[in-house]
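**Student:** I'd like to go over a predicted model; first the sequence, then the structure.
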Amino acid sequence: MKYIRQFGVILLVSFLGELLNYLLPLHVPASIYGLVLMFLSLHFGLIRLEAVKDTATFLIEIMPLMFIPAGVGLLSSWDVIRPHVLSYLVIAAVTTFAVMFVSGHVTQLLLRRDGKEK
């Protein structure tokens, strides 16, 4: 019963993210709204970590299985993807390195700032 309750809390937050996506005229995916709502709810204590931790851990553990349908979809669309596969690979590589570069520099900046405050 604990897992059903925890999954219900996660679903409720996801639904609220969908609702915000429907109501707000911004081009932000509903999943991002849901993540921000979950973060803020956990940060401000509206939801206790224990209220979602076990189910969230389980969902993270099975996440690789959730990529199988997407991979099958890509394979079934191979005829459409094939002419542009080199472009897709270049874009994936460039954006991966850009995210790593920016994330590393932001992390270093925050660590330095945290060190100066102490």
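**Tutor:** On my side now, so go ahead. Numbers count the residues shown, from 1 in each chain.
**Student:** Please list all residues in contact with A30.
**Tutor:** Remark: with contacts taken as CB atoms under 8 Å, 6 or more residues apart in numbering, A30 is in contact with S14, G17, E18, L20, N21, Y22. Every residue, glycine included, has its C-beta placed from N, CA and C.
**Student:** just checking, what packs against the lengthiest helix in the chain?
**Tutor:** Using DSSP state H to assign secondary structure, the helix with the most residues in the chain is helix 85-117. Judged by 3 or more CB pairs under 8 Å, 6 or more residues apart in numbering; DSSP states H and E, helix 85-117 is in contact with no other helix or strand.
**Student:** average pLDDT for it?
**Tutor:** Throughout helix 85-117, pLDDT has a mean value of 93.
**Student:** what about the helices in the chain?
**Tutor:** For the chain, the helices identified by DSSP H occupy 2-23, 30-43, 53-61, 63-66, 68-76, 78-81, 85-117, in order along the chain.
**Student:** Do I have it right that P29 meets S14?
**Tutor:** No. Using CB atoms under 8 Å as the test, P29 is too far from S14 to be in contact (11.6 Å).
**Student:** More neighbours: which of the two?
**Tutor:** The residue with the greater number of neighbours, taking P29 and S14 and applying other CB atoms under 10 Å, is S14; the counts read 17 against 12.
**Student:** wait, the more buried one sits on Y33?
**Tutor:** No. The pair S14 and Y33 does not pass the contact test of CB under 8 Å, sitting 9.1 Å apart.
**Student:** Compute the first-to-last residue distance for stretch 76-86.
**Tutor:** As for stretch 76-86, its first-to-last residue distance stands at 18 Å under the measure CA to CA, to the nearest Å.
**Student:** please renumber so the chain begins at 25
**Tutor:** Okay, using 25 as the starting number, the last item reads as stretch 100-110.
**Student:** Contacts for it, please.
**Tutor:** Residues outside stretch 100-110 that contact it (CB under 8 Å, 6+ apart) are L98, Y112.
**Student:** Any idea how far it is from the middle of the chain?
**Tutor:** 26 Å (CA atoms, centre = their mean, to the nearest Å).
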